[in-house]
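Enquirer: what would the 3D arrangement of this be:
(chains A and B)
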Protein chains: 2
Amino acid sequence: MSDVLVVGTVAYDEISTPQSSSHKQLGGSGMHFSIAAAQLSTPHIVSIVGNDFAENDMQYIQSKGINTDGIEIVDGKTFFWKGGYKGAMNEAETQITDLNVLQQFNPILSDTHANIPYVFLANIDPELQLQVLNQLTTPRCIGIDSMNFWIDSKKNSLLEVLKRVTLITLNDGEAKMLTGEYNSIRAAHVIAAYGPSYVIIKKGEHGSFILHNDAVFSLPALPITDVVDPTGAGDSFAGGVMSYIAHRQSDDWETMKNAIAYGTVMASFNVGAFGPHAFDTITDAEIKKRLDALYSLVHFTR
Amino acid sequence: MSDVLVVGTVAYDEISTPQSSSHKQLGGSGMHFSIAAAQLSTPHIVSIVGNDFAENDMQYIQSKGINTDGIEIVDGKTFFWKGGYKGAMNEAETQITDLNVLQQFNPILSDTHANIPYVFLANIDPELQLQVLNQLTTPRCIGIDSMNFWIDSKKNSLLEVLKRVTLITLNDGEAKMLTGEYNSIRAAHVIAAYGPSYVIIKKGEHGSFILHNDAVFSLPALPITDVVDPTGAGDSFAGGVMSYIAHRQSDDWETMKNAIAYGTVMASFNVGAFGPHAFDTITDAEIKKRLDALYSLVHFTR
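Expert: I've put the predicted structure just below:
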């Protein structure tokens, strides 16, 4: 399988929803990305955790075919997030964010990691994203994610990152915030002018679209009626997209459409259980079944 | 062309948006429905206006190929709505609603109208919708729309209507309100259990989906960057859907998917100008071009 490098967080999360709540469990953008990406590629996580990080959690990640050589273990506590969802679970409400050892995160890539051509810089400080970009030796497709916090506090660094990447995934609201546009298609055009050849706007339950030059491709989310926990859906989506690109060794427009479809399916699994556990039991047949369902969801014969 | 009967409002609107504002102009659900439906069928409007209703407005409607025999003119003023939109123009804010002669609306169908098999009961009092249903002689496909006001004040009558219709179009929020469900797919299933074979949930800029038995078909909205005025987009959508069904003389599942596509295209025209005027200049070639664009927007080759 092709390698995909992801630089992001490995965390502990504690999550409550209207129906249920989780114990402290595996979370983080790098983890959610990799669990999804591992269906079609070999993800390599570059991250940092504390010495409280349980050995069996590390083994669990490795058991999914994920390379953890780039997860540094240091004295201190692992990044912890406590939050929850109400109503339609469209937006997370944060109760606790303990950055802990994440404050020391200083991603130095091994030669092996620096040589991986398919790279995703998950939602971390844009200055660290730049630091990683400077270490890559043979990049072919670089994707990034970001969030309102960085748009607000480090917009200039983020704009530097955007000059140097192939694709970006952002939430609808973040894209509007970054650009000052009310219309998400306009916002995507403005972001494309900052640099990325592909701009992917994520709209949660409403699906996503991708802009490339003047073309737009859009897919709804799969009609899931039992959303258990949406945490990490965007990261699983990105993991699906990047692993598909790496798998196909291509990022042409037709490949990208299929990558969006694959990412959409990965996100649909993600929301079915707390933490990474929706992926514990899925099979290639189930992935194909959901890809078929997504195709039928939008396909009409004229 | 096939006949479509629509029972709804013909109104005067005064609308402000972040970019602009309109003078008093033609509005109303029956009018917006018919202007779109006239592209592919002969709409017959059953409605009521006051004797302030301008002769040239009536002529304008007729010039679009719309039958106005069922528009009763009575002493008094025409239904008037003043409202506007802010920001992304996702939700209208009402400033003035003057029902005026609409309070006397008592739809009595002519024999010609009672015999039209394709019927849409736009957003009016469910008791009036029931009254119309009782007059239909040979219905083949009956669609309805409703809104939060009727869900709140006349839910039982609305549920009676739902037992007797083929399809319903509702906004996402209205569907959730009607059913008490947070998830719009679940809401659609609950509404289907009330009666309609087809449940169409409209999501504005996020497109729409249709539920039929256990199947869902979903389309995004066309990526329009210049939204001038969204008023009536849902009615234009319904006009497109119903006229397509009447044109094809079928409401099988494949026809319905194309009907949704056609309605999506009609809504995309609607938002391009104030009132009905986006439809003044469109050609069959432009409609085909947008249908092609919509097909490309979601089509991927696996």
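Enquirer: okay, how far is it across stretch A:71-81, tip to tip?
Expert: 19 Å (C-alpha to C-alpha, to the nearest Å).
Enquirer: so which bits of it are buried?
Expert: A:71, A:73, A:76-81 (16 or more other C-beta atoms under 10 Å in any protein chain shown). In short, each C-beta sits where N, CA and C put it, glycine included.
Enquirer: and stretch A:157-166, by the same measure?
Expert: A:157-158, A:160-162, A:164-166.
Enquirer: max pairwise distance over those: which two?
Expert: Pairwise distances across the buried residues of stretch A:157-166 (C-beta to C-beta) peak at 18.3 Å, for the pair A:Ser157 and A:Thr166.
Enquirer: tell me the contacts of the closest residue to chain B within the stretch 1-150 of chain A?
Expert: Ranked by C-beta to the nearest C-beta, the top residue of the stretch 1-150 of chain A for proximity to chain B is A:Ala88, at 4.3 Å. Taking C-beta atoms under 8 Å, 6 or more residues apart in numbering or on different chains, we find A:Ala88 in contact with A:205, B:176, B:182-183.
Enquirer: which two in the residues you listed are spaced the farthest apart?
Expert: The most widely separated members of the contacts of A:Ala88, counting by C-beta to C-beta, are A:Glu205 and B:Lys176 (11.8 Å).
Enquirer: so does the helix or strand where A:Ile287 lies get close to chain B?
Expert: Using DSSP states H and E, A:Ile287 maps to helix A:284-298. Yes: shown here: helix A:284-298 in contact with chain B (C-beta under 8 Å from any C-beta of the partner chain) through A:291, A:295-298.
Enquirer: next, the angle helix B:284-298 makes with that helix.
Expert: Angle, helix A:284-298 to helix B:284-298, by axes from the mean of the first three to the mean of the last three C-alpha atoms, to 10 degrees: 160 degrees.
Enquirer: list the buried residues in helix A:284-298.
Expert: A:287, A:290-291, A:294, A:297-298.
Enquirer: do the same with stretch A:121-141
Expert: A:121-126, A:128-129, A:131-133, A:136, A:139, A:141.
Enquirer: for it, give me every contacting residue.
Expert: With contacts defined as C-beta under 8 Å, 6+ apart, stretch A:121-141 is touched by A:6-9, A:29-30, A:33, A:46, A:105-109, A:114-115, A:117-119, A:142-147, A:150, A:154, A:157-158, A:160-161, A:164-167, A:235, A:238, A:242, A:245-246, A:251.
Enquirer: just the buried ones from those residues, in PyMOL syntax?
Expert: Buried members of the contacts of stretch A:121-141, identified by 16+ other C-beta under 10 Å, are gathered into one PyMOL selection as follows:
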select buried, chain A and resi 6+7+8+9+29+30+33+46+105+107+109+114+117+118+119+142+143+144+145+146+147+150+154+157+158+160+161+164+165+166+167+235+238+242+245+246+251
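Enquirer: what subset of the contacts of A:Ala88 is buried?
Expert: The buried subset of the contacts of A:Ala88 - by 16+ other C-beta under 10 Å - is A:205, B:176, B:183.
Enquirer: give me the neighbour count for A:Leu178.
Expert: 23 (other C-beta atoms under 10 Å in any protein chain shown).
Enquirer: the helices in the stretch 201-302 of chain A, which residues?
Expert: A:233-248, A:253-270, A:284-298 (DSSP state H, counting those that start in this stretch).
Enquirer: any chance of these in TSV, with mean pLDDT too?
Expert: Shown next, in TSV, are the helices of the stretch 201-302 of chain A (pLDDT from 0 to 100):
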stretch	mean pLDDT
helix A:233-248	98
helix A:253-270	98
helix A:284-298	97
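Enquirer: these: which one's closest to B:Gly50?
Expert: Per C-beta to C-beta, nearest to B:Gly50 of the helices of the stretch 201-302 of chain A: helix A:284-298, 44.8 Å.
Enquirer: which secondary structure elements does that closest one contact?
Expert: On a contact count with 3 or more C-beta pairs under 8 Å, 6 or more residues apart in numbering or on different chains; DSSP states H and E, helix A:284-298 meets helix A:253-270, strand B:215-219.
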